[in-house]
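Chemist: Show me the folded form of this:
(2 chains)
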Amino acid sequence: MRTTRRSLLRLMGAGAAAATVRHDAAPVFAQAGGPVKIGVLTIRAGIAAPVGAAGLRSTEWWLERVNKAGGILGRPVQLIVEEESNPKDTVERYRKLILQDKVEAVLGGISTGVTLALGPVADDLGTPWLSWDGTTQKGVEETMPNPKWAFKSVDNEVEAIVAGMLTAKYFKGVKTVAGIGNDYSYGHDCWESYQAVLKKYTPDVKFVLELFPKLGVTDFTSHIVAIQQSKADLLMCSFWSGDATIIMKQAAAVGLFKTMKGVFTTAGGVHDSLKKEFTPEGLLLGYNTMYFDDPKGSPLLKQFVREYKAKYNEYPPYECDHAYFCAESYKAAVEKAARSGRQWPEKAQVVKALEGIEAESLSGRRSWREDHIQMCNFYQGVTTHKNPYDFVTIDPIEVVSTKVAMKPAGSKLFDWINSWKI
Amino acid sequence: MTAHVVNLVVSGVFHASILFLVSAGLQVVFGVQKIFNLACGSFYALGAYVGVSAVAWYAEAGGPPALFILPLAIAGVAAGALGVVVERGLLRFVYDRDETFQLLLTFAVVLMMEDAIRMTWGTSPRSTAGLYLTYGGVHVLGTTVPVYNLIVIGASLAIAVLIGWLLTHTAFGCIIRASADNREMAEALGVDMRRLYAKVFTLGTALGTLGGALVIPATAAMSEMGIELIVEAFAVVVIGGLGSMRGAFVGALIVGVLRSIAISVYPELEMLLIYLIVIAVLVLRPRGLFGGAPA
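Modeler: Model (predicted):
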């Protein structure tokens, strides 16, 4: 609805960090021109504000660690945070970050509606842009197959594809499926992709109902009546915000999942609101690209989860890792590009270094594919109450790589799915 | 089939109950003050957040879960006190101005409230966990109906009866009706409009905040939750007739039940069907089903 237009110049720790920077680290770069300015675009208002907050929090956590360890090549890092709102205003703020604030790179971008517009602008302005969660897809079609400066998130429909694969594995014998998702590109694309994948594994499956309430609806009692009436064996739901919690609760009140299987492709984004009291065991639940409670998680993940919980009294969702990886891969690329000379690398050299680079992120190693798309793992599994929390977690945990579940560079989604040999 | 009809009706009437409370608040304010209060949706959202906090406080204090509806309703009504602040602090300055000013001002309240809610309760959706399931469900004609939904429907009906009684059987009701009918005459007869406006706006606000508080166990509070409801409340008042309480009641029932039927029968028609009725009412009966004659 409304946009916070004021920009927020964040000096967070940059001054303090400058004072405590290790002077043994690459002094030539430290003298190269004060702090490294990095722009951040994030959503702080409206329905996606919790997603934006998570991305910003983990970027700040990264910033603190990096500055404590001496910055990037000896230069402290400073974030300049701007609001992501509608495409037009966000593009203006993006220009301001580059032309006025003179940032070295821009991180962030959540809504594909916005990042679709940002992609060409990023390529035009010649500064690396690393998107947290936004793509440059129109529907499921890539609009920028050969970007120069834009680095994009994983394709939006991957979690629905993974859910389709796992539905076939865990819910054998399902004959009829109902679907519910938000009435915009993401909801429709997930439903289409899920159907295509499930049909591939179970050719005789029938899709008996599809519902697309508007984003922001808070009463699904009538939708649940329609789902009950469809008598489907399984409900697929791609809600990702508070609506996932609401439908779970309202479904529990009428015992929907006593007679129906459930697949929640994306509800892991609000995982700690899925209380055991109303979220049954045995549902398939997707956490996107980071699972906070992964027993095989790295010490970095465990430290992050511990400190995030202590600071915000919440358990971190996946957006944290998208954001962490963007920042960390930028740092890795600058360091890689600088190895060949004694100058701070040019932006074009950083982009070259980013292509194909791998970096340690919260959920493990992630990389940028040659066509500038993020490569990582997706986490989904079956809900369980056997944990020390008051909300559900998953067991077993299925980890599916984007190498398997994301369309290869240059291919069309449905042609690619149809080409699978199962 | 019977089970499906029961489900359709109960879910539709449940939605209508909340819509009625918010629309009734809109109607009472418009009827007397002639202000179309866009902020009614924000009061609904505020009631939801205050309800979440009240219930959390109640649970921490060790209150029995079965009685959570009491602190919830009290908090919902108490949050209506904000009405006095908005009316005395803002609205009274625009009574004699053009309607555009009034609309802009109440829209500004919508935006300010959304930010205030975000600053107070944060950006993440807030919910009352599993309290919704405390009362369980009853089996009616082969289907399970959540008892809490029935409580909300009952509460809304009771409030409708209470408002009807207030308007027709009390001196305050007489004054409200008289002032709605002819403000100058009421003023000439000694009605203190300043006090009346403050009281009426507070009543309108309390209906919205109570609606938000009552619905919250069944859903989750989100800062922009009022926006969607404002749109539906518009449809209700257009269908029922601006300023009419009976109109709010019947309009809410029509919108709630038709929405429920549309979602089950032809989901693509959900909003279209409601707007088709709005258009039909505007064309055939521009003052709505229960709207008064032109002044």
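Chemist: near chain B, which residues of the stretch 151-300 of chain A show up?
Modeler: A:210-214, A:216-219, A:221-226, A:228-229, A:241-242, A:245-246, A:249-250, A:252-255, A:270, A:273, A:275, A:277-278 (Cβ under 8 Å from any Cβ of the partner chain). Just so you know, the C-beta spots here come from the backbone N, C-alpha and C atoms, and that holds for glycine as well.
Chemist: Which among the residues you listed count as buried?
Modeler: Neighbour counting with 16 or more other Cβ atoms under 10 Å in any protein chain shown marks A:210-213, A:216-219, A:221-226, A:228-229, A:241-242, A:245-246, A:249-250, A:252-254, A:270, A:273, A:275, A:277-278 as buried within these.
Chemist: Inside helices: which ones of those residues?
Modeler: Cross-referencing those against helices under DSSP state H gives A:221-226, A:228-229, A:242, A:245-246, A:249-250, A:252-253.
Chemist: farthest-separated two in the residues you listed?
Modeler: Using Cβ to Cβ, those span at most 25.2 Å, a distance reached by A:229 and A:242.
Chemist: Poorly predicted segments of the stretch 151-295 of chain B, please.
Modeler: B:292-295 (pLDDT under 70).
Chemist: Show me what from it comes close to chain A.
Modeler: So far as Cβ under 8 Å from any Cβ goes, the stretch 151-295 of chain B lies against chain A at B:215, B:218-220, B:222-225, B:227-228, B:259-260, B:263-264, B:267, B:270.
Chemist: ok, so of those, who is nearest residue B:149?
Modeler: residue B:218 (6.9 Å).
Chemist: What about the closest one, how many residues nearby?
Modeler: 25 (other Cβ atoms under 10 Å in any protein chain shown).
Chemist: Return the residues in contact with the residue lying closest to it once chain neighbours are set aside.
Modeler: Nearest residue to residue B:218 in three dimensions, chain neighbours excluded: residue B:132, at 5.1 Å (Cβ to Cβ, 6 or more residues apart in numbering or on different chains). The neighbours of residue B:132, taking Cβ atoms under 8 Å, 6 or more residues apart in numbering or on different chains as the test, are A:249, A:250, A:253, A:278, B:146, B:148, B:217, B:218.
Chemist: right, and the fourth one touches residue A:248 too?
Modeler: Yes - because the distance of 5.8 Å satisfies Cβ atoms under 8 Å, residue A:278 is recorded as touching residue A:248.
Chemist: give me the residue from the stretch 101-250 of chain A nearest chain B.
Modeler: Residue of the stretch 101-250 of chain A nearest chain B, by Cβ to the nearest Cβ: residue A:242 (3.0 Å).
Chemist: and that residue, what does it touch?
Modeler: If you count contacts by Cβ under 8 Å, 6+ apart, then residue A:242 has A:47, A:218, A:270, A:273, B:124, B:125, B:127, B:220, B:222 around it.
Chemist: how does it look with 6 Å?
Modeler: Shown in contact with residue A:242 (Cβ atoms under 6 Å, 6 or more residues apart in numbering or on different chains): B:125, B:220, B:222.
Chemist: What is the nearest of those to chain A?
Modeler: Comparing those against chain A with Cβ to the nearest Cβ places residue B:125 closest, at 3.0 Å.
Chemist: Contact partners for the closest one?
Modeler: Going by Cβ under 6 Å, 6+ apart, residue B:125 touches A:242, B:220, B:222.
Chemist: Out of those residues, flag the one nearest to residue B:187.
Modeler: Using Cβ to Cβ, the contacts of residue B:125 come closest to residue B:187 at residue B:222, 41.7 Å.
Chemist: Next, the contact list for that closest one, please.
Modeler: Counted by Cβ under 6 Å, 6+ apart, residue B:222 has contacts A:242, B:125.
Chemist: Could you do the one 3 residues further on as well?
Modeler: Contact analysis of residue B:225 by Cβ under 6 Å, 6+ apart lists A:218, B:45.
Chemist: cutoff 10 Å now
Modeler: Contacts for residue B:225 were tallied using Cβ atoms under 10 Å, 6 or more residues apart in numbering or on different chains; they are A:47, A:216-219, A:242, B:41-42, B:44-45, B:48-49, B:114, B:117, B:125, B:212, B:215-216, B:219.
Chemist: Residue A:347 now?
Modeler: A:104, A:105, A:126, A:127, A:128, A:149, A:334, A:337.
Chemist: at 7 Å what do you get?
Modeler: A:104, A:126, A:127, A:128 (Cβ atoms under 7 Å, 6 or more residues apart in numbering or on different chains).
Chemist: Check residue B:187 too.
Modeler: Residue B:187 makes contacts with residue B:193, as judged by Cβ under 7 Å, 6+ apart.
Chemist: For it, pull up the helix or strand it's in.
Modeler: Assigned by DSSP states H and E, residue B:187 belongs to helix B:183-188.
Chemist: Output the contacting helices and strands for the host helix or strand of residue A:380.
Modeler: Taking DSSP H and E as the definition, residue A:380 sits inside strand A:377-384. In terms of contacts (3 or more Cβ pairs under 7 Å, 6 or more residues apart in numbering or on different chains; DSSP states H and E), strand A:377-384 is packed against helix A:158-170, strand A:284-286, strand A:393-401.
Chemist: Can you mark which positions in the first one are buried?
Modeler: Right, the one you point to is helix A:158-170. Buried residues in helix A:158-170, defined by neighbour count with 16+ other Cβ under 10 Å: A:158, A:159, A:160, A:161, A:162, A:163, A:164, A:165, A:166, A:167, A:168, A:170.
Chemist: In terms of secondary structure, what does it contact?
Modeler: By 3+ Cβ pairs under 7 Å, 6+ apart, helix A:158-170 packs against helix A:185-201, strand A:284-286, strand A:377-384, strand A:393-401, helix A:402-405.
Chemist: Pick the most deeply packed of the ones you listed.
Modeler: Sort the helices and strands packed on helix A:158-170 by mean neighbour count, taking mean count of other Cβ atoms under 10 Å in any protein chain shown, and strand A:284-286 sits at the top with a mean of 26.
Chemist: Could you give the average pLDDT over it?
Modeler: For strand A:284-286, the mean pLDDT works out to 98.
Chemist: Show me what it is in contact with.
Modeler: By Cβ under 7 Å, 6+ apart, strand A:284-286 touches A:159, A:162-163, A:166-167, A:170, A:263-268, A:380-383, A:394.
Chemist: ok, now stretch B:26-38?
Modeler: Contacts for stretch B:26-38 (Cβ under 7 Å, 6+ apart): B:40, B:91, B:102-103, B:106-107, B:110, B:176, B:179-180, B:196-197, B:200-201, B:203-204, B:230, B:233, B:237, B:242-245, B:247-248.
Chemist: again, only using 6 Å
Modeler: Outside stretch B:26-38, the residues that touch it by Cβ under 6 Å, 6+ apart are B:40, B:102, B:106-107, B:110, B:176, B:179-180, B:197, B:200-201, B:203-204, B:233, B:237, B:242-243, B:245, B:248.
Chemist: can you check stretch A:118-131 too?
Modeler: Defining contact as Cβ under 6 Å, 6+ apart, one finds that stretch A:118-131 is touched by A:91, A:94, A:98, A:105-107, A:109, A:115, A:136, A:144, A:147-153, A:326, A:347, A:350-351.
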